[in-house]
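Student: would you be able to build a 3D model of this:
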Amino acid sequence: MQTGNLGLGLVIASVIGLGFAGVFGLMGSLLVANLRDGARAREAAARARDEALQRLGRSGVHDLRALLGAALPRAAIELPPQAVPVLAVESELRELLAQIAAQALPAAPRDGLRVHARIEGAQAVVHWRDVGAAPARACERIAASLGGRLYAASHAGGPLGLTLRLPLHGGPVPG
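Tutor: Below is the predicted model of the structure:
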């Protein structure tokens, strides 16, 4: 009887030991996986930081009035008298304005595309009137990458159009 109980005790102790070994093995594998994920996350953050610094290096302050005139040569554009300084990568800003113009022109009224630009607080606001179109996702992404927003909205209670808001460089411009 004593050897039977001893054998049973050894079997139970072995099963418990194997259970502990399995738990410790699982914990070890989770630790290694977490360390790998942390290293990947640090690498991704470093790449994102480097890309942001490179993009900042390519950025400059641009007067939105001149870029609007170049992107929309045949549109009726209302511009504020003072400069509308935005900090952006010029090629990205030109691409955004060209894509919005390409989207707005087919939806414009017969009398042509009408655009109104203004400064509102710490933002440059550009509104393409009477185009009644939802912005394309690509345009929304470019606007977001420039720190801005593009959306469908009415202007002064009129018909639906597209509105682009971009942050002014240096904050609000005194009026």
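Student: residues contacting L87?
Tutor: By CB atoms under 8 Å, 6 or more residues apart in numbering, the contact set of L87 is S59, G60, V61, H62, G147, P167, H169. Quick note: C-beta positions are derived from backbone N, CA and C, even for glycine.
Student: lowest-confidence one in these?
Tutor: Within the set of those, pLDDT is lowest for S59 (66).
Student: ranges for the strands of the chain?
Tutor: Taking DSSP state E to define them, one finds strands in the chain at 60-63, 76-78, 85-88, 114-120, 123-129, 149-154, 160-167.
Student: of all the contacts of L87, which comes closest to R47?
Tutor: Distance to R47 across the contacts of L87 (CB to CB) is lowest for S59, with 18.6 Å.
Student: near P167, how many other residues are there?
Tutor: 17 (other CB atoms under 10 Å).
Student: let me fix that, I meant to ask about T163.
Tutor: 19.
Student: surely it is in contact with A153?
Tutor: Yes. Counting by CB atoms under 8 Å, T163 does reach A153; the two are 4.4 Å apart.
Student: who touches both of the two?
Tutor: When contacts are counted by CB under 8 Å, 6+ apart, T163 and A153 are jointly contacted by H127.
Student: remind me, longest helix of this protein?
Tutor: Ranked by residue count, the top helix of the chain under DSSP state H comes out as helix 2-58.
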